[in-house]
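**Student:** need a structure here:
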Amino acid sequence: MASTAKDGIMETVKTVVYALLIAGVFRTLFFQPFWIPSGSMKDTLLIGDFLFVNKMAYGYSRHSCPFSMCPITGRILGSDPERGDVVVFRHPTQGVDFIKRLVGLPGDTIQVTNGVLIINGTPVQLKDDGTFVETKEKQGPQGLMPRCANDPVGQGGECVKGRQIETLPNGVSHDILNISDTWVADNTAVFTVPAGQYFFMGDNRDNSADSRFAVTADGVGFVPAEYLIGRADRIMFSSAGRSLLFFWTWRSDRFFKAVE
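**Tutor:** Take a look at the predicted model:
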């Protein structure tokens with residue numbers, strides 16, 4: 001009887017160990033979890049959204065590959081990133097992961113004029129889509145306070161941003177938010193994206209440190225292909241609170257929501 005009980009415990013332990021190993025391999029090879037820490041991708045992604053990054057989407061690079069034979073530069077397997085993809089990548093100098101929307105491919109010219117994105121000399125299509133309203137309060141574990149188009153807004157008040165639907169040259173449409181028409185990056189020089197590199201912007205256009213800013217100015221600059229980790233396809237879970245344990249702050253309407 002004692003032997004049978006002992007055998008049962010050992011089988012349970014083995015099952016748990018095998019499950020953890022399989023989960024670890026699955027995570028390492030195919031998907032990487034990512035929490036949204038800031039508001040730079042509102043309203044596509046909100047602070048507290050939890051998603052898995054598809055590491056197979058573009059193949060493996062030295063920043064996403066689990067094996068020692070991965071390339072120092074370039075990528076193996078996978079397809080080319082497409083304009084409009086929401087991508088997680090390693091910051092070229094800071095060593096941390098960022099998430100932004102891919103708007104500029106190698107060889108493109110990119111400019112922003114009066115807040116409008118211009119790709120290869122042609123302004124993108126924009127359609128007004130009302131407003132995005134949230135509460136002016138501290139958000140997420142970092143306690144970040146949102147910027148509002150209607151500032152000054154007292155804590156607990158309605159924080160409003162203009163919303164538009166932006167359509168890129170390949171037909172991909174997504175929401176963007178506007179806080180001001182006179183922000184520092186609403187008018188830029190013309191950027192020419194180098195070969196093998198990409199240009200990224202946040203959907204919350206007036207609240208994003210992205211490729212409009214050089215890495216020396218705490219921006220992203222051009223991002224080489226080997227720094228891409230994967231594509232964000234679906235939100236798995238979302239919490240608006242300072243802690244995951246605050247179940248009353250869970251956003252059930254965002255569970256399993258596709259990233260567009």
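**Student:** Double-check Ser211 against Gln197; I have them as touching.
**Tutor:** No - shown here, Ser211 and Gln197 do not form a contact pair, counting by CB atoms under 8 Å, at 9.3 Å. Just so you know, the C-beta spots here come from the backbone N, C-alpha and C atoms, and that holds for glycine as well.
**Student:** bridging residues for the residue lying closest to Gly48 once chain neighbours are set aside?
**Tutor:** Of all residues not flanking Gly48 in the chain, Ser239 sits nearest, at 4.5 Å (CB to CB, 6 or more residues apart in numbering). Beta bridges link Ser239 to Trp250 when assigned by DSSP bridges.
**Student:** doesn't Arg254 make contact with Ser239?
**Tutor:** No - in this structure, Ser239 is not within contact of Arg254 by CB under 8 Å, at 9.3 Å.
**Student:** who has more neighbours, these two?
**Tutor:** Between Ser239 and Arg254, Ser239 has the larger neighbour count (other CB atoms under 10 Å), namely 23 against 18.
**Student:** how near is the more buried one to Thr249?
**Tutor:** 5 Å (CB to CB, to the nearest Å).
**Student:** where do the contact lists of those two overlap?
**Tutor:** Both Ser239 and Thr249 are in contact with Gly48, where contact means CB atoms under 8 Å, 6 or more residues apart in numbering.
**Student:** Strand partners (parallel or antiparallel) of the helix or strand containing Leu51?
**Tutor:** Leu51 belongs to strand 49-54 when elements are defined using DSSP states H and E. If you go by DSSP bridges, strand 49-54 pairs up with strand 31-35 (antiparallel), strand 228-238 (antiparallel).
**Student:** right, and the helix or strand after that strand?
**Tutor:** Next element after strand 49-54 (DSSP H and E): strand 86-90.
**Student:** Convert that following strand to CSV, retaining C-alpha atoms only.
**Tutor:** Taking C-alpha atoms only, strand 86-90 is exported to CSV below (Å, rounded to 0.1, in the frame of the first residue of the first chain):
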residue,chain,number,x,y,z
VAL,A,86,2.5,45.5,-34.1
VAL,A,87,6.0,44.3,-33.2
VAL,A,88,8.0,43.6,-30.1
PHE,A,89,11.7,44.4,-30.5
ARG,A,90,14.8,44.9,-28.4
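**Student:** Now do it: distance to the chain's middle.
**Tutor:** 6 Å (CA atoms, centre = their mean, to the nearest Å).
**Student:** Equivalent analysis for stretch 164-181, please.
**Tutor:** Put simply, stretch 164-181 sits 16 Å off its chain's centre (CA atoms, centre = their mean).
**Student:** Tell me which stretches of this structure form helices.
**Tutor:** 2-29 (DSSP state H).
**Student:** Phi and psi next, for the closest residue to Ser79 other than its chain neighbours.
**Tutor:** The shortest distance from Ser79 to any non-neighbouring residue, by CB to CB, 6+ apart, is to Tyr58 (6.5 Å). Dihedral angles phi and psi of Tyr58 (degrees, to the nearest 10) take the values phi -110, psi 10.
**Student:** Surely Tyr58 is in contact with Leu228?
**Tutor:** Yes - using CB under 8 Å, Tyr58 is in contact with Leu228, at 5.5 Å.
**Student:** Have a look at the two and say which one is more surrounded.
**Tutor:** Leu228 (27 against 23).
**Student:** which residue packs closest to the more buried one, ignoring adjacent ones?
**Tutor:** Phe89 (4.9 Å).
**Student:** Asp151 too?
**Tutor:** Per CB to CB, 6+ apart, closest to Asp151 is Cys159, 7.9 Å.
**Student:** The one you found against Val153, yeah?
**Tutor:** Yes - Cys159 lies in contact with Val153 (CB under 8 Å); the separation is 5.5 Å.
**Student:** Find the residues that touch each one of the two.
**Tutor:** Lys136.
**Student:** The residue positioned nearest the centre of the chain pairs with what?
**Tutor:** Centroid-nearest residue in the chain, with CA atoms, centre = their mean: Ile99, separated by 2.7 Å. With DSSP bridges as the criterion, Ile99 is bridged to Val88.
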